[in-house]
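1. need a 3D model of the sequence below.
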Amino acid sequence: MAIIEVEVEINASVDKVWDIVSDIDNEPKFWKGTKQVKNLLKEEDIITREITIAFRDQKCLQKVKLEPKKRIKAKFIKGIINGEKIISVIPNQEKTILRTVWDIKLTGMMGMFTGMIKNHIKSGTEQAMQSIKETIEQNSRN
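-> Residues are numbered from 1 along each chain as shown. Reported below is the predicted structural model:
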């Protein structure tokens, strides 16, 4: 398994950060590794969705659980990726820490490439979180 952890401090309230990160339909706007999102089913706080990832346009099935103003748990249940991505929103005085932790591996024969893809996912996560930070802080100034 590859464990990837990325954290960024955002100069904004938990409410403002949550408003952006919990809009999971907008994920491709920030996360370049996610090309497309298609919601299939919504049951209370669990959304089952199909995402198309940039890696060879592979489709993955996810169950996403929103825990308001705390975290988003995206569990990969079918496709080339196995594991989960957890995005946490953590209050820190007047600011907010946004933390993303991946605990994943590639499935089947692709499993041997998990280590190689780890740096790619880490870099993409850093870029996404920086983009989220800039969007929120820019909106807070306006």
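2. for the lengthiest helix in the chain, which helices and strands make contact with it?
-> If you go by DSSP state H, the chain has its longest helix at helix 114-141. The contact analysis (3 or more C-beta pairs under 8 Å, 6 or more residues apart in numbering; DSSP states H and E) places helix 114-141 against strand 2-10, helix 14-21, helix 27-30, strand 95-106. Backbone N, C-alpha and C define where each C-beta goes, glycine included.
3. how much does that helix deviate in direction from helix 14-21?
-> On the basis of axes from the mean of the first three to the mean of the last three C-alpha atoms, to 10 degrees, helix 114-141 is oriented at 120 degrees to helix 14-21.
4. tell me which residues of helix 114-141 come out buried.
-> Of the residues in helix 114-141, T114, I117, K118, I121, K122, G124, T125, A128, M129, I132, K133, I136 count as buried by neighbour count, 16 or more other C-beta atoms under 10 Å.
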